[in-house]
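**Q** need a 3D model of the following:
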Amino acid sequence: MGKGATSLVFYGQNDQNERVVIKKVADKSEAEQESSILKRLPIHKHIITWLDFFVENQTGYIVFSHHDGVRLGHFKKGIIHDQQIAVQITINILEGLKVIHQQGILHCDITPHNVLISNNEPGSVKIIDFGSAVRTDEFGEYKGNHKGATRWYRPPELKKVNDIFTADLNTSSDLYSAACICLYLLTGQAPFNKKQACEQIINQDLQKILRKATRKNKKKRFQSAQELIDALLPFS
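**A** Numbers count the residues shown, from 1 in each chain. As a prediction, the model looks like this:
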């Protein structure tokens, strides 16, 4: 069915003969970490639904419910969307992120490739692939195995130094990536240069919102998913 950097994805069937999705992760510890994060999340219409986890031959397998949809897009180029549709898709992603953040989790790799768009319900999405996700520790700091988000959607605070990703993240880090998806949907390509991408947005008020959401200084961005949702609602 699909292939990721460190995993393979297959279709399967459960005991009730319902279609499910099985993610095979070669690194058992990575699979356990991703599964434990997904297990903490409540069922939500904009988040992939975790069903089960098992290990076989030192390989981890995560089982999800099947959703009829395709990836929102590829990393570099996509389809230019109408403003209302692009903003509504972004808001739906943010609604999922709001729930994820409420559980003390950051996704850390929000890209068009990690969002499913429904075949049956226009604009409805599911956030998938929590392989890079991290969660808060007892001090409220986000800790975990930072594998690094995808280029062009990665917030600047997630840096690569000597082949190791280091980060000082907060919720605005995921919001930065969601705003990059909005730019992707509006312009039809990845925001290689955030300033130039924002300048392509015809509506000046919407442009200001996306500029704020993609600022280099995370303290000057929107600080919660709901805050960004409220700002985008008039354009949906």
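**Q** which one is the residue nearest to the spatial centre of the chain nearest to, not counting chain neighbours?
**A** In the chain, the residue lying closest to the centroid (Cα atoms, centre = their mean) is residue 110, at 2.6 Å. If you skip the residues right next to it in sequence, residue 110 has residue 177 as its closest partner in space, 3.7 Å away by Cβ to Cβ, 6 or more residues apart in numbering. Backbone N, C-alpha and C define where each C-beta goes, glycine included.
**Q** now the residue nearest to residue 189 when sequence neighbours are not counted: how far from residue 172?
**A** Distances taken as Cβ to Cβ, 6+ apart put residue 77 closest to residue 189, at 5.2 Å, once the chain neighbours are dropped. Computed as Cβ to Cβ, to the nearest Å, the residue 77 to residue 172 distance reads 27 Å.
**Q** more neighbours: those two, which one.
**A** residue 172 (25 against 12; other Cβ atoms under 10 Å).
**Q** quick one, what contacts that one?
**A** Residue 172 makes contact with 155, 218, 221-223 under the criterion Cβ atoms under 8 Å, 6 or more residues apart in numbering.
**Q** okay, and it sits in which element?
**A** Residue 172 belongs to helix 171-187 when elements are defined using DSSP states H and E.
**Q** so what's residue 24 bridging to?
**A** According to DSSP bridges, residue 8, residue 61 are recorded as the beta-bridge partners of residue 24.
**Q** state the number of residues packed around it.
**A** Neighbour count of residue 24, defined by other Cβ under 10 Å: 17.
**Q** surely it touches residue 56?
**A** No. Counting by Cβ atoms under 8 Å, no contact exists between residue 24 and residue 56, whose distance comes to 9.2 Å.
**Q** circling back to that earlier point, as a markdown table, the contacts of residue 172 with neighbour count and pLDDT would be great.
**A** Supplementary listing: the contacts of residue 172 in a markdown table, determined by neighbours: other Cβ atoms under 10 Å; pLDDT from 0 to 100:
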| residue | neighbour count | pLDDT |
| --- | --- | --- |
| 155 | 25 | 92 |
| 218 | 19 | 94 |
| 221 | 22 | 98 |
| 222 | 24 | 98 |
| 223 | 14 | 97 |
